[in-house]
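Asks: Here is my input; please provide its structure:
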Amino acid sequence: MWREKIVCPHCGKLTEKGLFCKFCGKPLEVKAETPIKEKTTPVAVSSEQEQPSPSQEIIPPVQEVAEERKIVEQLSTFYSWRNKLLELFLQGEASSDIFLDIYKEYRARIQAVNEKRLQMLNEIEEKINDLTIKLENLKIRHEVGEVPDRQYITEKLNIDRELSKLKPKLNILHNAFNIKIAEVPRYEAKIRELKEAISEKGGSMGLKNEDIEMIVSDLNEVLESIQSLMEVHKRLTKELEKVELRYKVGELTVEEYEAMKQKIQKQMEM
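Replies: Take a look at the predicted model:
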């Protein structure tokens with residue numbers, strides 16, 4: 001499907017139109033210049049009115065791109081290119097030599113970026129584990145009376161605040177393909193089709209056995225990685241079916257049903 005593309009003002013590369021560049025991850029929106037104010041006749045201001053000063057003007061901060069989001073967007077772009085390359089080769093639009101050269105280039109990029117993703121994932125998981133242990137210790141010390149109520153509340157809030165910052169990052173890094181939960185089954189089916197097609201047709205299209213094994217191994221890694229997302233999709237689908245059934249038997253009101261349904265559907269679109 002064609003998507004409008006623009007030149008990134010930061011790295012100069014051609015990328016899909018959106019909030020951030022697919023390559024450098026920086027914002028694509030350029031701040032508009034402050035408009036020149038026209039001269040107006042001074043108007044008397046009563047003592048009850050306050051004149052705004054330049055220092056009081058509210059300037060929205062530039063949205064920082066999370067490193068986790070940048071890594072996942074880069075990785076998902078390389079996966080998308082590799083999948084499209086496989087499709088074009090299977091359609092006979094590329095020779096085996098040219099196909100393999102580009103495929104191996106994408107493969108190296110994916111491995112490099114994925115190593116960074118896994119490293120960040122491990123670091124965040126370790127931080128979450130440390131904070132969880134710290135929270136458990138705090139609760140026990142509070143229950144035995146070592147930590148007073150005020151100190152317990154303050155420290156617990158600080159730990160909860162840190163966890164609330166880390167968990168969204170963890171969710172982003174777990175989705176290496178940057179796809180919505182609702183689209184996971186279709187994505188998995190596409191990878192399976194590519195795997196079967198390259199296994200059946202690769203040899204007749206000029207690929208050596210070791211090349212076919214390499215590509216199949218890569219696709220198997222994708223299928224293995226996507227299983228955790230498939231589990232989330234199954235769980236949310238099951239929850240939605242339960243909500244619909246509870247509504248049909250009369251346990252839930254229309255308002256309750258709609259609220260719970262919208263909550264689950266929102267998670268499916270994440």
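
Asks: List of residues touching the one helix or strand residue 259 maps to?
Replies: Taking DSSP states H and E as the criterion, residue 259 maps to helix 254-268. For helix 254-268, contacts defined as Cβ atoms under 8 Å, 6 or more residues apart in numbering pick out 180-182, 233, 236, 239-240, 243-244, 246-247, 252. Just so you know, the C-beta spots here come from the backbone N, C-alpha and C atoms, and that holds for glycine as well.

Asks: Okay, and which of those map to helices?
Replies: Residues of the contacts of helix 254-268 located in helices (DSSP state H): 233, 236, 239-240, 243-244, 246-247.

Asks: And the buried ones among the residues you listed, selectable in ChimeraX?
Replies: In ChimeraX syntax, the buried subset of the ones in helices among the contacts of helix 254-268 is picked out as below (16 or more other Cβ atoms under 10 Å):
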select :233,236,239,240,243,247
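
Asks: Name the member of the ones in helices among the contacts of helix 254-268 with the shortest distance to residue 91.
Replies: Ranked by distance to residue 91 (Cβ to Cβ), these are led by residue 233 at 29.2 Å.

Asks: I'd like the distance between the closest one and residue 218.
Replies: Per Cβ to Cβ, to the nearest Å, residue 233 is found 23 Å from residue 218.

Asks: One more: residue 268?
Replies: To residue 218, residue 268 is 28 Å away according to Cβ to Cβ.

Asks: And residue 269, by the same measure?
Replies: In terms of Cβ to Cβ, residue 269 sits 28 Å off from residue 218.

Asks: Comparing these two, which residue is more hemmed in?
Replies: Neighbour count, other Cβ atoms under 10 Å: between residue 269 and residue 218, residue 218 has more, with 21 against 9.

Asks: Does the more buried one touch residue 106 like I think?
Replies: No - between residue 218 and residue 106 there is no contact under Cβ atoms under 8 Å: 9.6 Å.

Asks: who touches both of these two?
Replies: Jointly contacting residue 218 and residue 106 under the rule Cβ under 8 Å, 6+ apart are residue 82.

Asks: And the helices in the stretch 1-150 of the chain, which stretches?
Replies: With helices called from DSSP state H, counting those that start in this stretch, the stretch 1-150 of the chain shows them at 67-90, 96-143, 149-174.

Asks: ranking the ones you listed by burial, who's on top?
Replies: A comparison of those by mean neighbour count, using mean count of other Cβ atoms under 10 Å, puts helix 67-90 on top with a mean of 19.

Asks: Specify the angle between it and helix 96-143 in degrees.
Replies: Comparing the axes of helix 67-90 and helix 96-143 via axes from the mean of the first three to the mean of the last three Cα atoms, to 10 degrees yields an angle of 150 degrees.

Asks: Could you list every helix and strand that helix 67-90 packs against?
Replies: helix 96-143, helix 149-174, helix 184-201, helix 209-225 (3 or more Cβ pairs under 8 Å, 6 or more residues apart in numbering; DSSP states H and E).

Asks: what would the ones you listed look like in CSV with mean pLDDT?
Replies: CSV is the format used below for these (pLDDT from 0 to 100):
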stretch, mean pLDDT
helix 96-143, 95
helix 149-174, 92
helix 184-201, 96
helix 209-225, 96
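
Asks: Just put those helices in JSON lines and tack on distance to residue 256.
Replies: Listed next are the helices and strands packed on helix 67-90 as JSON lines, based on distance: least, Cβ to Cβ, whole Å:
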{"stretch": "helix 96-143", "distance to residue 256": "32"}
{"stretch": "helix 149-174", "distance to residue 256": "27"}
{"stretch": "helix 184-201", "distance to residue 256": "28"}
{"stretch": "helix 209-225", "distance to residue 256": "36"}
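
Asks: got a list of what residue 105 touches?
Replies: Listed by Cβ under 8 Å, 6+ apart, the contact set of residue 105 is empty.

Asks: ok, residue 157 to residue 117 distance?
Replies: 30 Å.

Asks: Oh, that last question was meant for residue 161, not what I typed.
Replies: 25 Å.

Asks: and if you look at residue 249?
Replies: From residue 249 to residue 117 the distance is 44 Å (Cβ to Cβ).

Asks: Same check on residue 127?
Replies: Per Cβ to Cβ, residue 127 is found 16 Å from residue 117.

Asks: For residue 17, grab phi and psi.
Replies: With angles defined as degrees, to the nearest 10, residue 17 sits at phi -70, psi 130.
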